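A.B. asks: what follows is a predicted structure for the sequence shown.
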Amino acid sequence: MIHYSQAIEYIYNLNKYGIKLGLKNITYLLSLFDNPHLKTKVIHIAGTNGKGSTASIISSIVKTAGFKVGLYTSPHLVHFQERMRIDGELISQKAVCHLLERMKPIIRKVATTEGYQHPTFFEVITAMAFLYFYENHADFSIIEVGLGGRLDATNVCQPLVSVISHIDYDHMDRLGNTLTEIAREKGAIIKDKTFVVNAKQYPEVHEAIKAIAEEKQALLYSVGEEINPSLTHSDLKGNDFHYSGIYHRFKDFHVPLAGEYQVENASMAIAVAELLDHMGYQVSEHDIIEGLKNSRWPGRFEIVQKQPMVILDGAHNPNGVAQFIKNLKKLVLDKRIIAVLGIFSDKDYYRILKNIVPFVDQLILTMANNPRATPTHILAREAGRYISHEKITEKTTVDAAIQESFRIAKKDDVICITGSLYTVGEAEAYFLKKRNNQ
């Protein structure tokens, strides 16, 4: 059998086939494995911000209820295996190798069949996830969309419940230039006569989602309408809130994820639990309480060090960064903020910088080890519109940027590392190594 390092090299090498949106390839690929994606109960999640957190909370609640749960998310922060979990356990290196060995001849078959193209990185790993969950007898598969919805490789599934997290501007080159266009792309995960749980959206987004649900005769439940959480307390340890939902009212829930926006994500997860219970898959209030309490989602408002406080947040679009900084200012009053920022060039870095730089005291610009990373001098030129140049430092690696932040930080300062999930992933690896060496 191939070694794990060879398997990973093969998988990453598939990136040369680019991103090809469309379902023809993946449908054929999965059909050659007898359609595992149609043999597990799926909860499918699209949206711009909050998909991963929502997926993780749903997974935690459903696992607490005694079900075996597969969770497929992207991208990973440190290890490829983070993308596929069963009951919170990462897929093993052995399982990755075993699955890939079986998939390689099938991948070749698709690539050489007339009318089809070579499967891409995301198509292959999506097929791998469906196969892994089915063969390991997962009761539920929680599947996060990679990009968009309509033409995303995950959209071959037939979900029990579709979830649409907050929709904002992102990937406009592929999804459209207006919120309505983007909403139509993401809302296309809604299938006939199913249930839909929807975040509190901009009015035009809500109208677009509502129109799709009506056309598909799907039952739509939205935050701010049928689902109404009310925040009672928020701090760095998470959020306390009451919940008034589709069938129940609950008091005094706690989710240990910082940032007020996590209340909305948690509420969508509770609504999914209510719907599953309504369908006959028993999920009790106790399961919801414990599932919320045990929720973890690395790289989103994650405190990795206390003094100086270091917070990692994978916000990578203007709205995500604005939410992060708004919550940060609320939760760390009167503290000096040092931002370590690395942004991809295909993101709206003008607006990202505008949303974060005016609120920080010191800025360290950096680049993740990825060809999509924006050169620091370009970010520095733009950041100079909002902060004096002597408060800007440029470092070409994330490790060097973190070391620089420690050099200038006092123990009561707050260091936040954000701008891209890849920047945050490298920071995660840095702190993991630091903890292991202690």
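C.D. replies: Yep, it's here.
A.B. asks: residue 4 and residue 95 touch, don't they?
C.D. replies: No - here residue 4 lies out of contact with residue 95, judged by C-beta atoms under 8 Å, at a distance of 10.1 Å. All C-beta atoms are positioned from the backbone trio N, CA, C, and that covers glycine.
A.B. asks: show me the domain layout of the protein.
C.D. replies: 4-293, 302-436 (automatic domain parsing).
A.B. asks: quick one: end-to-end distance for the longest one.
C.D. replies: One end of domain 4-293 sits 34 Å from the other (C-alpha to C-alpha, to the nearest Å).
A.B. asks: same check on stretch 177-191?
C.D. replies: Chord length of stretch 177-191, first to last residue, is 24 Å (C-alpha to C-alpha).
A.B. asks: again with stretch 236-253
C.D. replies: First residue to last in stretch 236-253 (C-alpha to C-alpha) measures 16 Å.
A.B. asks: contacting residues for residue 384?
C.D. replies: For residue 384, the contact set (C-beta atoms under 8 Å, 6 or more residues apart in numbering) comprises residue 392.
A.B. asks: how close does it sit to residue 368?
C.D. replies: 22 Å (C-beta to C-beta, to the nearest Å).
A.B. asks: next one: residue 13
C.D. replies: Residue 13 is 19 Å from residue 368, by C-beta to C-beta.
A.B. asks: more crowded one of these two?
C.D. replies: residue 368 (22 against 10; other C-beta atoms under 10 Å).
A.B. asks: ok, and the closest non-adjacent residue to that one?
C.D. replies: Nearest residue to residue 368 in three dimensions, chain neighbours excluded: residue 422, at 4.0 Å (C-beta to C-beta, 6 or more residues apart in numbering).
A.B. asks: you'd agree the one you found is up against residue 75?
C.D. replies: Yes - counting by C-beta under 8 Å, residue 422 does reach residue 75; the two are 7.2 Å apart.
A.B. asks: which of these two has more residues huddled nearby?
C.D. replies: Taking other C-beta under 10 Å, residue 422 and residue 75 do not tie; residue 422 has more neighbours (23 against 15).
A.B. asks: ok so that one is a strand residue?
C.D. replies: No - membership of residue 422 in a strand is not supported by DSSP: H, G, I helix; E, B strand; the rest coil, which gives helix.
A.B. asks: who are the packing partners of the least confident helix or strand in the chain by mean pLDDT?
C.D. replies: Here the helix or strand of the chain ranked lowest by mean pLDDT, DSSP states H and E is helix 172-175, holding a mean of 75. Secondary-structure packing of helix 172-175 (3 or more C-beta pairs under 8 Å, 6 or more residues apart in numbering; DSSP states H and E): helix 179-187.
A.B. asks: flag every buried residue along the helix it packs on.
C.D. replies: 179, 182-187 (16 or more other C-beta atoms under 10 Å).
A.B. asks: pipe the residues you listed into JSON lines and attach pLDDT and distance to residue 140 per row.
C.D. replies: Output for the buried residues of helix 179-187, formatted as JSON lines (pLDDT from 0 to 100; distance: C-beta to C-beta, whole Å):
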{"residue": "179", "pLDDT": "94", "distance to residue 140": "31"}
{"residue": "182", "pLDDT": "95", "distance to residue 140": "28"}
{"residue": "183", "pLDDT": "96", "distance to residue 140": "26"}
{"residue": "184", "pLDDT": "96", "distance to residue 140": "27"}
{"residue": "185", "pLDDT": "95", "distance to residue 140": "25"}
{"residue": "186", "pLDDT": "97", "distance to residue 140": "21"}
{"residue": "187", "pLDDT": "97", "distance to residue 140": "22"}
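A.B. asks: which residues are contacting the helix or strand harbouring residue 364?
C.D. replies: Per DSSP states H and E, residue 364 falls inside strand 362-365. With contact meaning C-beta under 8 Å, 6+ apart, strand 362-365 is reached by 336-342, 357, 376, 379-380, 383, 387, 391-395, 401, 404-405, 408.
A.B. asks: could you do stretch 27-41 as well?
C.D. replies: So stretch 27-41 is in contact with 70, 106-107, 109-110, 113, 116, 119, 123-124, 127, 130-131, 133-135, 138-141, 156-158, 160, going by C-beta under 8 Å, 6+ apart.
A.B. asks: separation between residue 201 and residue 20?
C.D. replies: Residue 201 is 28 Å from residue 20, by C-beta to C-beta.
A.B. asks: so which of those two has more stuff around it?
C.D. replies: Taking neighbours as other C-beta under 10 Å, residue 201 and residue 20 compare with residue 201 leading, 24 against 16.
A.B. asks: just give me the neighbour total for the closest residue in space to the more buried one that isn't next to it in sequence.
C.D. replies: Nearest residue to residue 201 in three dimensions, chain neighbours excluded: residue 167, at 5.8 Å (C-beta to C-beta, 6+ apart). Counted with other C-beta under 10 Å, the neighbours of residue 167 add up to 30.
A.B. asks: is residue 167 in contact with residue 204, as I believe?
C.D. replies: No - in this structure residue 167 lies outside contact range of residue 204 using C-beta under 8 Å: 9.8 Å.
A.B. asks: quick check: neighbours shared by the two?
C.D. replies: With C-beta under 8 Å, 6+ apart, residue 167 and residue 204 have common neighbours 179, 183.
A.B. asks: ranges for the strands of the stretch 251-400 of the chain?
C.D. replies: For the stretch 251-400 of the chain, strands defined by DSSP state E, counting those that start in this stretch occupy the ranges 302-305, 309-312, 337-341, 362-365, 392-394.
A.B. asks: helices along the stretch 151-300 of the chain, start to end?
C.D. replies: Here the stretch 151-300 of the chain has its helices, by DSSP state H, counting those that start in this stretch, at 172-175, 179-187, 203-215, 261-278, 285-293.
A.B. asks: any idea how far residue 301 lies from residue 271?
C.D. replies: 22 Å.
A.B. asks: hmm, I typed the wrong one, I wanted residue 411.
C.D. replies: 42 Å.
A.B. asks: which of those two has more neighbours?
C.D. replies: Using other C-beta under 10 Å as the criterion, residue 411 and residue 271 rank with residue 271 on top: 28 against 8.
A.B. asks: so who does that one touch?
C.D. replies: 197, 221, 226-227, 245-246.
A.B. asks: return the member of these nearest to residue 289.
C.D. replies: Nearest to residue 289 among the contacts of residue 271: residue 245, at 14.0 Å, using C-beta to C-beta.
A.B. asks: my read: that closest one touches residue 222, true?
C.D. replies: No - assessed by C-beta under 8 Å, residue 245 is found out of contact with residue 222, at 11.3 Å.
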